[in-house]
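# turn this into a model:
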Amino acid sequence: MASIGVPGLIIILVLALIIFGPSKLPQLGRAVGDTLREFKTSTKDVMEDVTEDLKIEEVAEVEKIKKV
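Predicted coordinates for the structure are as follows:
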């Protein structure tokens with residue numbers, strides 16, 4: 001995956017300023033931040049669920065081996 005870099009970010013910010021105007025940029029930034037925060041939280045929750053499921057499966061497998 002290619003990196004945007006500082007010049008790319010500057011171009012994106014200038015385009016956003018032209019398209020949305022200075023009054024809408026704080027609202028846009030807040031919305032993007034909230035979206036990223038929610039995505040990060042959801043991803044963390046999914047990873048915790050998967051990890052918990054794997055631990056349960058490992059315990060069940062160990063118990064099965066002990067019975068044999």
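# what about the residue nearest the centre of the chain, distance to Lys66?
For the chain, Lys40 is the residue whose C-alpha lies nearest the centre (Cα atoms, centre = their mean; 3.5 Å). Counting by Cβ to Cβ, to the nearest Å, the gap from Lys40 to Lys66 is 39 Å. C-betas here are computed from N, CA, C, even on glycine.
# kindly report the same for Pro22.
67 Å.
# still on that earlier bit, now name the helix or strand holding the residue nearest to the centre of the chain.
Secondary structure from DSSP states H and E places Lys40 in helix 25-67.
# that helix - what's its average pLDDT?
Across helix 25-67, the average pLDDT comes to 90.
# from the contact counts, what lies against that helix?
helix 5-20 (3 or more Cβ pairs under 8 Å, 6 or more residues apart in numbering; DSSP states H and E).
# how far does the helix it packs on sit from the chain's center?
Distance of helix 5-20 from the chain centroid (Cα atoms, centre = their mean, to the nearest Å) equals 22 Å.
# what lies in contact with it?
Residues outside helix 5-20 that contact it (Cβ atoms under 8 Å, 6 or more residues apart in numbering): Ile4, Leu25, Leu28.
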